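Visitor: one predicted model, sequence on top.
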Amino acid sequence: MNPYNDELMAYEDDAEDRYDDYDGYEEDDFDTGFEGHEDSYYDEDEYYDEEVEYIPADDDDMYDSYKTNSIGRIDPNDRTLTVVVKNTSGADAEAILFGANEEAAQPAGVTVSVEESSHKEVREESKANPFKIVGMKMSVSNPLQFDNVLKINKRTATGSNSVRVYQPRNATSPQNFTQGLIDDNNFEVDVTGQDSIRLLLKDGVTVVFTFTIKARANMGNLLDGKNVAELSTAPRTTGLPQLDLIRSKKPTAFGLKPKKLVKKIVRKRPSPVKRRRGISMRRRPGGRGFLRRRR
C-alpha cells in the first residue's frame, strides 16, 4: 500500500476515535469540557413577529403631545372681525386698533367698534388668545383716505417699539369700479397684547375694516391636552365668484395634511431558547462531513 495513503488513513482513524458515539451513528459531539454548562440566549435566526393594526390618527384616547397633525380648525363662520372707525372730531385724528397692553385712549371724537363683539373684548382676548390676520377688506367713505398709511406697531413692556408701514394704495386697481373699497389678500398682522394698528383719519370719514383670522391660539385646549394652535382651512371669500370657485378646492393650511389612518406595529419579543455552547457536529452515514473509513 502507498505509504502516503497509510499515513492519511492513520489520521482519519485518529479523528474518528475522537467522536463519542461514532459506531452507533448517533449525535457526535466533541468533548469540550462544557457539558452541563448551558446558557440562555436568543437565537440569531429568530425574528420579531410584527402585528399590524390600523387606528384612527385622531383617536380620542390618544394623547396628541401637541404635534402638528393635532392642530385644530377654525369654524369658517367664526373667523371675521368687522371693525368700524369713525372720526367726528372736526379735524384729522389718529385712531388706535387693538393694542391691549398699552390700552391707549382714543382721541376725542374718534370711535372704534367691533360689529361681532366690542373693541374692548377683542383687546382682552388678544392677550390670552393671540391671533393672526391674513387678508383685509377696507372700505372708506372718502377715497382720499387711502392716501393715509396704516402703521403696525409692536410695543414691549421694556420700552422697545417697532413700526411697519402699510400703504392701502398698493391694493387699489383700475379694474376696481368701487373706488372706496380695496381687498388685499396679502395683508398680514399678528395681534397680541403688544400689537396695534394706527391710522390717521380725515375729518368726517368712516372706515370699515373686515379682517380674516387665519390662525389663533386657544389656551383652553391645554385643559384637554390638545394643541393650542387652531387654523382656518377654508379659503377667504373675495366676493368674485370666479375666483372663489377656484379657491374652493380643498387647501392645506400651513402644510397641515388631512387626517388619515396610521399603522401601529407591535413587536413581540421571542422566547429564550437553551442551547449548548459547545460545538455540535452531526456525523451520519451519507451526511455532510461524514468521514468514510478507507480500507
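Guide: Looks like it came in fine. Numbering: from 1, shown residues only.
Visitor: hey, let's count contacts and neighbours off CA atoms from now on
Guide: Noted.
Visitor: domain parsing for this structure?
Guide: For the chain, automatic domain parsing gives the domain ranges 3-46+271-281, 68-261.
Visitor: format the ones you listed as JSON lines; extra columns: mean pLDDT.
Guide: Below are the domains of the chain laid out as JSON lines (pLDDT from 0 to 100):
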{"stretch": "domain 3-46+271-281", "mean pLDDT": "59"}
{"stretch": "domain 68-261", "mean pLDDT": "88"}
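Visitor: tell me which of these is the most buried.
Guide: Mean neighbour count, computed with mean count of other C-alpha atoms under 10 Å, is highest for domain 68-261 among the domains of the chain, reaching a mean of 16.
Visitor: mind listing what residue 2 touches?
Guide: Neighbouring residues of residue 2 by C-alpha atoms under 8 Å, 6 or more residues apart in numbering: there are none.
Visitor: could you check the pLDDT of it?
Guide: Looking at residue 2, its pLDDT is 72.
Visitor: distance of it from residue 12?
Guide: For residue 2, the distance to residue 12 (C-alpha to C-alpha, to the nearest Å) stands at 15 Å.
Visitor: try residue 137
Guide: Applying C-alpha to C-alpha, the value for residue 137 to residue 12 is 100 Å.
Visitor: helix, strand or coil for the closest residue to residue 136 other than its chain neighbours?
Guide: Distances taken as C-alpha to C-alpha, 6 or more residues apart in numbering place residue 211 nearest to residue 136, at 4.8 Å, with adjacent residues excluded. Local secondary structure at residue 211 is given as strand here, using DSSP: H, G, I helix; E, B strand; the rest coil.
Visitor: hang on, residue 211 packs against residue 132?
Guide: No. Using C-alpha atoms under 8 Å as the test, residue 211 is too far from residue 132 to be in contact (9.8 Å).
Visitor: any shared contact partners between these two?
Guide: Residues touching both residue 211 and residue 132 (C-alpha under 8 Å, 6+ apart): there are none.
Visitor: ok, which stretches of the chain are helices?
Guide: For the chain, the helices defined by DSSP state H occupy 3-16, 119-128, 241-247.
Visitor: rebuild the ones you listed as TSV, extending it with distance to residue 215.
Guide: Written out in TSV, the entries for those read as follows (distance: least, C-alpha to C-alpha, whole Å):
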stretch	distance to residue 215
helix 3-16	83
helix 119-128	12
helix 241-247	18
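Visitor: of all the ones you listed, which one comes closest to residue 203?
Guide: Across these, residue 203 has its closest neighbour in helix 119-128 (21.4 Å, C-alpha to C-alpha).
Visitor: got a list of contacts for the closest one?
Guide: Outside of helix 119-128, the residues that reach it under the criterion C-alpha under 8 Å, 6+ apart are 98, 99, 100, 101, 112, 113, 191, 192, 193, 219.
Visitor: sort out for me which of these are in strands.
Guide: With strands defined by DSSP state E, the entries of the contacts of helix 119-128 inside them are 98, 112, 113, 191.
Visitor: could you dump those to JSON lines with distance to residue 215?
Guide: Compiled in JSON lines, these are given as follows (distance: C-alpha to C-alpha, whole Å):
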{"residue": "98", "distance to residue 215": "17"}
{"residue": "112", "distance to residue 215": "23"}
{"residue": "113", "distance to residue 215": "22"}
{"residue": "191", "distance to residue 215": "10"}
